[in-house]
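**Student:** Output the structure for:
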Amino acid sequence: MGVIDTEGKQYLSNNKYFADMFNFLLYDGRPVIDPEKLKELDTTQIAIPYGNGARIPVQKYRDLLKLWCAYMDDTAVYVMLGAELQGKTHYAMPVKKGLYDMLGYARQVDEARRSYQKKDEEGDLYVDDDVLKIRLTSEEFLSGFRKEDKLIPIITATVLLSDEEWKGPLDLYDMLDVKDKELLKFIPNYPINLIAPFNISDSDFEKFNTKLGLAMKVLKYQKAGAVEVIEATNHEMIDRETAVFLNRVAKLDLEFDEKEDQVDMCKAMEDNNKKREVTGAIKGMRIAGMNDDDILIKVMEAFHVTREYVLTLLKPLKA
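**Tutor:** Now for the predicted structure:
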């Protein structure tokens, strides 16, 4: 697994950021989805080939999958929210997204089917919910689904964790070479729900309610402008999870204590710049023929740093 797979999953699996991501996608940033109402789900999907030549089932793994449980107008609402994380454009994402969603629906039908495979003493099919027995018609039993049954909706987001523009298709129609519009009416389309920093305007980063907005903005400008984005935080303390995620995914190469709950990324960046400057000066003095004792004194005076600080930089250079 790559850095984006490991770090992205670890960061966005946090309900706080996961909810913020979907509130941005679905509700224009309004905090409708409560992180406390999210429940982790098994990301394994089983694809079962059909037909006489069917082989063994194939396992497919989603990146992230959670169940959102909410009450709206005194009615319980359940929605499955999935996320596929990408470091680069995936040119078959509409198919991948459609496959995962349909596997999720198929799994719900299969679970319903298993719960209905009971018969009473007369041989009639029924559902036993510990309160009453609901008899099934032969059609319902054959379908594995009752006429009154409903599926839990599934929404999948495609999240591009880089500064690149998404160059691939945005729906299945983009992958087809069909010019006949009459024919297209009979072909279901599968659009992707894309979140890509490149496509987010600077003003829209404010619609995030957590530091995920800062993370997305740094990713957008990671090759040209990440420094300015971080400096604009004006030494604001950033939660450790966001700081670690950005440092590794955006390849900032900053040094800070990853055990601290809050990180001053401005200071980490300043410290990093100073370290590079001092290290460069030490290398230059060595090339000029100075010994380490003289270098130590000169660097301490020039950069107003402690003896211990200079020694920590001299040792690896000496090795």
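**Student:** How is this protein partitioned into domains?
**Tutor:** Following automatic domain parsing, one finds the domains of the chain at 3-113+151-203, 221-319.
**Student:** Of all these, which one is nearest Arg135?
**Tutor:** domain 3-113+151-203 (15.4 Å; CB to CB). (Each C-beta comes from the backbone N, C-alpha and C, glycine too.)
**Student:** for the record, mean pLDDT for that closest one?
**Tutor:** Taken as a whole, domain 3-113+151-203 has an average pLDDT of 89.
**Student:** sorry, back to before: quick one: the domains of the chain as CSV, columns for distance to Leu212 and mean neighbour count too.
**Tutor:** Putting the domains of the chain into CSV (distance: least, CB to CB, whole Å; neighbours: other CB atoms under 10 Å) gives the following:
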stretch, distance to Leu212, mean neighbour count
domain 3-113+151-203, 5, 15
domain 221-319, 7, 15
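**Student:** do you know which of these lies nearest Ser138?
**Tutor:** Nearest of these (CB to CB): domain 3-113+151-203, 13.9 Å.
**Student:** Can you give me the first-to-last residue distance of that closest one?
**Tutor:** Terminal residues of domain 3-113+151-203 lie 28 Å apart, using CA to CA, to the nearest Å.
**Student:** Just send the domains of the chain back as a markdown table, with distance to Leu142 too.
**Tutor:** Below are these laid out as a markdown table (distance: least, CB to CB, whole Å):
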| stretch | distance to Leu142 |
| --- | --- |
| domain 3-113+151-203 | 10 |
| domain 221-319 | 49 |
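**Student:** can you map out the helices along the stretch 151-300 of the chain?
**Tutor:** With helices called from DSSP state H, counting those that start in this stretch, the stretch 151-300 of the chain shows them at 181-184, 212-220, 226-231, 240-249, 265-287, 292-303.
**Student:** can you tell which of the ones you listed is closest to Leu25?
**Tutor:** helix 212-220 (11.6 Å).
**Student:** Which elements pack onto the closest one?
**Tutor:** helix 15-27, helix 226-231, helix 240-249 (3 or more CB pairs under 8 Å, 6 or more residues apart in numbering; DSSP states H and E).
**Student:** Please state the mean pLDDT value computed over the shortest one.
**Tutor:** Put plainly, it is helix 226-231. 92.
**Student:** Could you list the low-pLDDT ranges of the stretch 201-319 of the chain?
**Tutor:** Scanning the stretch 201-319 of the chain with the threshold set as pLDDT under 70 gives 317-319.
**Student:** Pro94 against Pro169, yeah?
**Tutor:** Yes: shown here, Pro94 and Pro169 form a contact pair, counting by CB atoms under 8 Å, at 5.6 Å.
**Student:** any shared contact partners between those two?
**Tutor:** 175, 192 (CB atoms under 8 Å, 6 or more residues apart in numbering).
**Student:** mind checking the SS state of Met80?
**Tutor:** In three-state terms, and counting by DSSP: H, G, I helix; E, B strand; the rest coil, Met80 is strand.
**Student:** ok, now which ones touch it?
**Tutor:** Contacts of Met80 (CB under 8 Å, 6+ apart): 41, 65-68, 104, 152-155.
**Student:** and the gap between Ser203 and Gly213?
**Tutor:** Taking CB to CB, to the nearest Å as the measure, Ser203 falls 11 Å from Gly213.
**Student:** swap that for Lys88, sorry
**Tutor:** Lys88 is 23 Å from Gly213, by CB to CB.
**Student:** Could you do Asn247 as well?
**Tutor:** Counting by CB to CB, the gap from Asn247 to Gly213 is 17 Å.
**Student:** And Ile152, by the same measure?
**Tutor:** Taking CB to CB, one finds Ile152 at 29 Å from Gly213.
**Student:** excluding its backbone neighbours, what's nearest Asp202?
**Tutor:** Counting by CB to CB, 6 or more residues apart in numbering, Asp202 lies nearest to Lys217, which is 7.3 Å off, once chain neighbours are set aside.
**Student:** Ok, Val178 next?
**Tutor:** Leu184 (5.7 Å).
**Student:** Make CSV out of the helices of the stretch 151-300 of the chain and add distance to Asp34.
**Tutor:** Converted to CSV, these look like this (distance: least, CB to CB, whole Å):
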stretch, distance to Asp34
helix 181-184, 39
helix 212-220, 16
helix 226-231, 29
helix 240-249, 19
helix 265-287, 28
helix 292-303, 50
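**Student:** Tell me which of those helices approaches Asp110 most closely.
**Tutor:** The minimum distance between Asp110 and the helices of the stretch 151-300 of the chain falls on helix 181-184, with 31.0 Å, by CB to CB.
**Student:** Can you tell me what sits against the closest one?
**Tutor:** Contacts for helix 181-184 (CB under 8 Å, 6+ apart): 173, 176, 178.
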